[in-house]
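# dropping a prediction and its sequence here:
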Amino acid sequence: MSRTTSSLPDSIYRYLCSVSLREPEFLAELREVTRTHPRASMQLSPEEGQFIDADKANHWNFYERALKLVRRGGLIGVDNTLWYGKPADPGNHEPDTETIREVNRRLHADARAAISLVPIGDGLTLALKA
């Protein structure tokens, strides 16, 4: 199995830390202090994990693709799985809500991964590939 990783360009690293991850100020300060250290780096490894935060209609397609990419024991993060509580409202039939509801059903039934729903933001489901 490949252990190849790709270093992130500075602009993407800053985006992930400040926008996507909504990094707390104290962590941003720590990151700035340590960022010039020769052994400090943020790297991606497709075999270790994938993060899905895409258009809702393609969440399941991206999940299927991620399952092919990650190794056994790899982690897949699926964003927006609580979708501001809308999937729990049986009267809500908005297209994105229906899609997220179906993705959640499929994730729950998928024996290829163990899942855990983390109630942060608008929901993050972590799927550990079996």
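Now that the structure is in, tell me what you want to look at. Numbers count the residues shown, from 1 in each chain.
# show me the shaky parts of this structure.
The chain contains residues with pLDDT under 70 at 1-9, 12-24, 26-28, 30-31, 33-46.
# quick one, domains of it?
Taking automatic domain parsing as the reference, the chain has its domains at 6-43, 46-129.
# quick one, strands of this protein?
Assigned strands in the chain, in chain order: 6-7, 43-44, 49-52, 75-79, 113-118, 124-129 (criterion: DSSP state E).
# winner for burial among the domains of the chain?
Most buried of those, by mean neighbour count (mean count of other CB atoms under 10 Å): domain 46-129, with a mean of 16. Heads up, the C-betas are built off the backbone N, CA and C, glycines and all.
# can you show me the helices along the chain?
10-15, 25-34, 59-69, 95-109 (DSSP state H).
# may I see these organised as JSON lines, with distance to Trp83 added?
Shown next, in JSON lines, are the helices of the chain (distance: least, CB to CB, whole Å):
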{"stretch": "helix 10-15", "distance to Trp83": "23"}
{"stretch": "helix 25-34", "distance to Trp83": "26"}
{"stretch": "helix 59-69", "distance to Trp83": "10"}
{"stretch": "helix 95-109", "distance to Trp83": "5"}
